[in-house]
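Colleague: structure here, sequence nowhere to be found:
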């Protein structure tokens, strides 16, 4: 079992920045590929970014590429999402997730085994 807790969400003006954190506890953090997803009101949850278990590879949705950066700190068992140049369309509940299976970087929800409770990000125009 892995427990995931997100933090760092809030209200920010367009063009601003936020850094989300996802603290993991339970089984070995470095065993999992880790991802961020988001769900806007009235929309399905969508993939945002993923990082390999060892931090060596990252992949982003086109909508956030160049603005968001995913990273992880094994010593702190924590993953981060640095979000810059935020836009109103980035408004959503952001979820972190952990995937135990190896292979192609997981971008689909069904590949993930554990989920956090989510943190709200609101970007005002």
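Modeller: All right, it came through fine. Predicted model only: the values in this text are computed from it and were never measured.
Colleague: which element is the residue nearest the centre of the chain on?
Modeller: The residue lying closest to the centre of the chain (CA atoms, centre = their mean) is residue 36, at 2.2 Å. Taking DSSP states H and E as the definition, one finds residue 36 inside strand 33-39.
Colleague: wait, the residue nearest to the centre of the chain sits on residue 69?
Modeller: No: in this structure residue 36 lies outside contact range of residue 69 using CB atoms under 8 Å: 10.8 Å. Yep, even glycine has a C-beta here, placed from its N, CA and C like the rest.
Colleague: name the residues contacting each of the two.
Modeller: Here residue 36 and residue 69 have residue 81 as joint contacts, going by CB atoms under 8 Å, 6 or more residues apart in numbering.
Colleague: neighbouring strands - and their directions - for the strand holding residue 36?
Modeller: In the sheet, strand 33-39 lines up against strand 46-51 (antiparallel), strand 92-99 (antiparallel) (DSSP bridges).
Colleague: which of these sits most buried?
Modeller: Looking across the strands paired with strand 33-39 with neighbours counted as mean count of other CB atoms under 10 Å, the highest average goes to strand 92-99: a mean of 24.
Colleague: so what's residue 49 up against?
Modeller: Per CB under 8 Å, 6+ apart, neighbours of residue 49: 35, 36, 58, 59, 60, 61, 64, 68, 70, 81.
Colleague: can I get those in a markdown table with pLDDT and secondary structure?
Modeller: Formatted as a markdown table, those follow (pLDDT from 0 to 100; DSSP: H, G, I helix; E, B strand; the rest coil):
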| residue | pLDDT | secondary structure |
| --- | --- | --- |
| 35 | 98 | strand |
| 36 | 98 | strand |
| 58 | 97 | strand |
| 59 | 97 | strand |
| 60 | 98 | strand |
| 61 | 98 | coil |
| 64 | 98 | coil |
| 68 | 98 | strand |
| 70 | 98 | strand |
| 81 | 98 | strand |
